[in-house]
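>>> fold the stuff below for me.
(2 chains)
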Amino acid sequence: MGFDAIYAVLPDHADKISRLQYLLAEARLPVVSVIGKYNHGKSSLLNALVERDQFAVSDARETTVLSYFEHEGVRWLDTPGLDADVARKDDREAMTGAWQQSDIRLFVHCVREGEFDQSESDMIDALQQDAADSGRQTLIVLTQIEQVEEQTLANVQARIKQQASKLPIIHVSAHRYLQGLQSGSALKLKKSGINELRQALQIAMAEVLQTRGDEVLELGESLGSLIDQGLSNLQARLDHQQSTKQSRLAGFAEEYRQLHSKLHQQLNRA
Amino acid sequence: MLPLLLLAGAVAAVAAAVSSSSDSSSSSSSSGSSRDYEREAAEKARKVKLQANKEAAERQLRAFLQGKDIEVDGAQLAAVIQTMVSQPDKYPGEPLKKAFLRNPSMRAIDTEVSALELQIAERNQAKAFLNSLPIG
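The predicted model follows:
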């Protein structure tokens, strides 16, 4: 007996079960995953945050599986792109894995692309719903801000705010940050927005343990309730079947008794 | 004229009485075998009727049992009919109840019941495991 027993009776809730299993498995570092369409700067952002070229960056689609890196008490997780038109089975599995393991999600969107497209909007809706259900936080990170005018950035940010009203938005330039590091330019570092993102992450990470505890409780109650509902339905069906059996047997006995009485008279009539 | 006629009538009546007495004494020797014959015939007719009743009852009983998808052989049918003859009112005995419970529709219910009991056992096992986890 183990989690398999729960998977067997709640196959449609495998995501919840695996999340509970993951949370209870062992003490883990806070996990921050980066989600977004490919070539929107996910890996560059991660490299800026960990201040090294840890994650592969390319104009071609590089990240096709989950890529981990532990740095200063945080487990950073790079994910494949959200692009449905190019996503493969292993990409989808990687996304599912990232969804299961993340405590905090950074939803990366390149500001040059304007507002969210449909696939991004769908993911944002799912993340907002998950924030309400599990308490896990998502920060929207507008990237590559060095490539647009301030007014353009303001306009895009306003439109994104309409599309994701419940999530905080931070705009960054990983490129500026890395340049600032190399050149020692405090201004570039400041204008990169990476420190603001770090501060937001620190606030979010301070809540991870409590959020995990709350989530474990919520998942346990939710799964328990689902099992109980199923039990209740099954017991009702069992009672119905047993009642049907008894009722049919009683009906048969009564019909037989009537026939017996009738034939008794008929047989003795001569 | 009238007295002659009366006399003739009286003579005729006496003659008739004598004739009747003579017939009665001659048939008394054969009346025993005739009654036996009649009794035998009545008994035979009664047996035929009983047999016909029995066959009709068997047909009705067989149709009833077939309608309930209960298979019985000739000996079982005869035993049931015999019970019907001797007992005015009787619920089906255990063998017949068991035969009814073995029919396809009742077996289908049993199969469903077994499946449901298994699913309930699995859910109880899952719930027991969930309750054993360090939650809350």
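
>>> please report phi then psi for residue A:71.
Here is the backbone geometry of residue A:71 (degrees, to the nearest 10): phi -150, psi 120.

>>> tally of neighbours for residue A:16?
Residue A:16 has 21 neighbours, counted by other CB atoms under 10 Å in any protein chain shown. Heads up, the C-betas are built off the backbone N, CA and C, glycines and all.

>>> my read is that it contacts residue A:219, right?
Yes: look at residue A:16 against residue A:219 with CB atoms under 8 Å: they come within range, at 5.6 Å.

>>> not counting sequence-adjacent ones, nearest residue to the residue of the stretch 151-270 of chain A found nearest chain B?
Closest residue of the stretch 151-270 of chain A to chain B, CB to the nearest CB: residue A:220 (3.6 Å). Computed as CB to CB, 6 or more residues apart in numbering or on different chains, the closest residue to residue A:220 that is not its neighbour in sequence is residue B:135, at 3.6 Å.

>>> which stretches of the chain form helices?
As the question left the chain open, I've gone with chain A. Along chain A, counting by DSSP state H, helices occupy A:3-9, A:14-25, A:42-50, A:89-101, A:118-134, A:150-163, A:174-183, A:186-192, A:194-206, A:208-267.

>>> my question was about chain B
Using DSSP H, helices in chain B cover B:2-27, B:31-67, B:74-86, B:94-101, B:104-132.

>>> can you list the buried residues in the last one?
For helix B:104-132, the neighbour count (16 or more other CB atoms under 10 Å in any protein chain shown) marks B:106, B:109, B:112-113, B:116, B:119-120, B:122-123, B:125-127, B:129-130 as buried.

>>> most widely separated two among these?
B:106 and B:130 (35.9 Å; CB to CB).

>>> now the closest residue to chain A within chain B: how far from residue A:23?
Residue nearest to chain A within chain B: residue B:135 (3.6 Å; CB to the nearest CB). Counting by CB to CB, to the nearest Å, the separation of residue B:135 from residue A:23 is 10 Å.

>>> which residues are common contacts for the two?
Common contacts of residue B:135 and residue A:23 (CB atoms under 8 Å, 6 or more residues apart in numbering or on different chains): A:216, A:219.

>>> spatially nearest residue to residue A:10 (excluding sequence neighbours)?
residue A:226 (5.6 Å).

>>> show the pLDDT at the one you found.
We have a pLDDT of 98 for residue A:226.

>>> give me the number of residues near it?
Residues within reach of residue A:226, counting by other CB under 10 Å, total 20.

>>> wait, doesn't it sit right on residue A:13?
Yes: with contacts counted by CB under 8 Å, residue A:226 reaches residue A:13, the gap being 6.3 Å.

>>> residue A:168: how many residues sit nearby?
Per other CB under 10 Å, the neighbour tally for residue A:168 reads 14.

>>> so where's the stretch 1-150 of chain A uncertain?
Low-confidence segments of the stretch 1-150 of chain A (pLDDT under 70): A:57-65, A:83-94.

>>> which bits of it sit near chain B?
Taking CB under 8 Å from any CB of the partner chain as the contact definition, the stretch 1-150 of chain A meets chain B at A:1, A:2, A:3, A:5, A:6, A:8, A:9, A:10, A:20, A:24.

>>> mind putting the residues you listed into CSV with neighbour count?
Shown next, in CSV, are the residues of the stretch 1-150 of chain A next to chain B (neighbours: other CB atoms under 10 Å in any protein chain shown):
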residue, neighbour count
A:1, 10
A:2, 10
A:3, 16
A:5, 19
A:6, 28
A:8, 13
A:9, 23
A:10, 19
A:20, 23
A:24, 15
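
>>> right, and out of those residues, which lies closest to residue B:63?
The shortest approach to residue B:63 among those belongs to residue A:9, at 46.2 Å (CB to CB).

>>> nearest spatial neighbour of that closest one, chain-adjacent residues omitted?
Per CB to CB, 6+ apart, closest to residue A:9 is residue B:126, 4.7 Å.

>>> how long is stretch A:30-43 from one end to the other?
Length of stretch A:30-43, first residue to last, CA to CA, to the nearest Å: 19 Å.

>>> thinking again about what came up before, and among the helices of chain A, the most buried is which?
Of these, the one with the most neighbours on average (mean count of other CB atoms under 10 Å in any protein chain shown) is helix A:42-50, at a mean of 24.

>>> on that earlier part again, the residue nearest to residue A:9 contacts residue A:8, correct?
Yes: counting by CB under 8 Å, residue A:8 is a contact partner of residue B:126 at 7.0 Å.

>>> shared neighbours of these two, which are they?
Going by CB under 8 Å, 6+ apart, no residue sits against residue B:126 while also sitting against residue A:8.

>>> contacts only, for residue B:134.
By CB under 8 Å, 6+ apart, the neighbours of residue B:134 are residue A:24.

>>> ditto for residue A:195
Going by CB under 8 Å, 6+ apart, the list of residues near residue A:195 reads residue A:189.

>>> that one and residue A:230, how far apart?
Per CB to CB, residue A:195 is found 50 Å from residue A:230.

>>> which residue packs closest to the closest residue to chain B within the stretch 51-200 of chain A, ignoring adjacent ones?
Closest contact between the stretch 51-200 of chain A and chain B, by CB to the nearest CB, is at residue A:134 (14.5 Å). In this structure, residue A:134 finds its nearest non-sequential neighbour in residue A:215, 4.9 Å apart by CB to CB, 6+ apart.

>>> check residue B:122 too.
In space, residue B:122 is closest to residue A:9, 5.4 Å off (CB to CB, 6+ apart).

>>> quick one, what contacts residue A:223?
For residue A:223, the contacting residues are A:6, A:10, A:13, A:16, A:17, A:20, B:130, by CB under 8 Å, 6+ apart.

>>> return the closest of the residues you listed with respect to residue B:73.
Distances from residue B:73 to those, taken by CB to CB, are shortest for residue A:10, at 49.7 Å.

>>> nice, that's everything, thank you.
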